[in-house]
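Chemist: Sharing a model prediction with you, sequence too.
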Amino acid sequence: MQDLLSNNVVAAIADQYRRAAQDAAHDFADQRADEDSLTGALGAALRRFVEGQAIDERGIALAWKTHLVKVRGRGRGAGEKTLGADAFLEFIVLGADQQPLRRKLLAVQAKKQWSKTDRRLASQVEAMQRIGQACLVVDYTPDGYFAIEGDAVLRAGGSARKLQARERINLGDVLAERFLRCKIGTVGATYDVERQRLLGTVPDVGGLPAWAPLVVSTIVGPAMVKRSISTRAVRDRPPVPGAGTGPEFTTVESPFIDQLVGMGWKPVTGNLDEPSATGRETFREVLIKSDLRKAIERINLRDGKPWLDDARISQAVSALERIAAPKLIEANQQATELLLQGLAVEGLPDWDQGRSKTVHYIDWEHPENNTFTVMNQFRVDCPGGMAKGFIVPDLVLFVNGIPLVVVECKSPGVAEPLPSAVDQLRRYSNQRKAAGEIEDNEGNERLFHTNQFFVATSFDETRAGTIGADLQHYLEWKDTAPVPLGDV
């Protein structure tokens, strides 16, 4: 950076880094709930203090800024698991046209009052060092914020007690004297939060070209970055034909789909002009009847063989399709009872004295006998006479062709993404009218007759709720089954 910035400017920026770290440390008592809150407060202080502009000795106008970018830390395939970092500190020098002239990046892992041996921290430092020349562990304490370079953490085996006193340095001093003066960090690298990538100059690690981007793993499947040192070639998940390309799709919807695909779900992309793309004859249909008919035949057996004829299968499909109730909550209850208990149909004369038999829609005892499908661009036409012609939920999850879950995704760049997602789910299911908030219907309740829960998600935040739930009733999903908690 010294080739771009004069000594006086570097000294001024160094002072800004010290002031930012000191200001953030003063807020420890207010932000001490968790490491994420402390990191957020530190990032805000850095943005507030470390910025400015100057004219160098050559008469060239320069500006600078810094920010701390959070890495996705929760969920299967989260970027923090692969990169080790929970944030990246970036410093940018800009020209007169406000275009970047130089960047540098530093991987950071935060701890709160680190006092014991943390083997996981040592593994995280190793991962960070594979993608950068150096990294920092930042320890938030009531006595101040301290930085420990990655090599020191590894020498101590992740034990805070084995660190030497000189290895715990005031955070502001490390940023001012080590990071700013290019003794640690990677010049030319940047972290693209929307596309979830590290880009630019990175060290050559075991054959990975220094110019190649490293994909931040937020998804499960072919595009996941393996932690194995032998895995070097990484590429993006191929785009879904007809799907979106904006930040909502790339950072939320696509990773959601890929995680489901990794668990055995089949992805299907709809078409707003062709209902056949989602296995339907018209956009008024909400069941994928071809999948449903095959499933009903497959899972209802007599002596290990299918026994239902077309008439009985049609009867079962019709019962699920023609549920009638004055309120959505009542229709949902009827549909759920059918899904759980099945439908009684006429039996066979030579079987159990011709008694009626129960047709099941889902094989609850053997989940592998069911089909699991996730669809995006799933258009559903609204009833005639409504101002809105159709709705298009971001994702609909089907089991045996039955829509059980509707997911609304929002870009993390949207103001209040989760409240916005919940509000849209309520519009789609006409819950705003049911609550007396508006006078007219806005969606199509038939899509939600068989619904078991809604999902509102934005990047690494996800909440689930049921029909009738308001925002405050949407809760974080706690159970990771069927994936063991240790694998998430």
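Modeler: Looks like it arrived, so ask away. Everything numeric in this text was worked out from a predicted model, so none of it was measured.

Chemist: in stretch 294-301, what's buried?
Modeler: In terms of neighbour count (16 or more other Cβ atoms under 10 Å), stretch 294-301 has its buried residues at Ala295, Ile296, Glu297, Ile299, Asn300. (Glycine included, C-beta is placed from N, CA and C.)

Chemist: Would you format those as CSV with distance to Asp460, pLDDT and secondary structure included?
Modeler: Rendered in CSV, the data for the buried residues of stretch 294-301 read as follows (distance: Cβ to Cβ, whole Å; pLDDT from 0 to 100; DSSP: H, G, I helix; E, B strand; the rest coil):
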residue, distance to Asp460, pLDDT, secondary structure
Ala295, 34, 97, helix
Ile296, 38, 97, helix
Glu297, 41, 97, helix
Ile299, 36, 96, helix
Asn300, 41, 96, coil
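
Chemist: And the helix or strand where Asp291 lies, what does it pack against?
Modeler: When elements are defined using DSSP states H and E, Asp291 is found to belong to helix 289-299. Helices and strands in packing contact with helix 289-299 are listed as helix 310-321; criterion 3 or more Cβ pairs under 8 Å, 6 or more residues apart in numbering; DSSP states H and E.

Chemist: Touching the helix it packs on from outside, list them.
Modeler: Under the criterion Cβ atoms under 8 Å, 6 or more residues apart in numbering, residues 287, 289, 292-293, 296-297, 308, 335, 338, 343, 345-346, 359, 361, 402, 450 lie in contact with helix 310-321.

Chemist: for the buried residues of stretch 294-301, which one is nearest Gly172?
Modeler: Lowest distance from Gly172 to the buried residues of stretch 294-301 (Cβ to Cβ) belongs to Ala295, with 62.2 Å.

Chemist: how many neighbours does the closest residue in space to the closest one that isn't next to it in sequence have?
Modeler: For Ala295, ignoring the flanking residues on the chain, the nearest one in space by Cβ to Cβ, 6 or more residues apart in numbering is Asn400 at 3.6 Å. The burial count assigned to Asn400 is 25, neighbours taken as other Cβ atoms under 10 Å.

Chemist: And Asn8, by the same measure?
Modeler: As a burial measure, Asn8 scores 11 neighbours (other Cβ under 10 Å).

Chemist: what pLDDT does it get?
Modeler: Predicted confidence (pLDDT) at Asn8: the value is 85.

Chemist: roughly how far apart are it and Lys65?
Modeler: For Asn8, the distance to Lys65 under the criterion Cβ to Cβ, to the nearest Å works out to 18 Å.

Chemist: next one: Asp192
Modeler: As judged by Cβ to Cβ, Asp192 and Lys65 stand 17 Å apart.

Chemist: of those two, who's got more company?
Modeler: In this view Asp192 and Lys65 are compared by other Cβ under 10 Å, and Lys65 has more residues nearby, 16 against 13.

Chemist: ok, and that one, which helix or strand is that part of?
Modeler: Element membership for Lys65, per DSSP H and E: strand 61-70.
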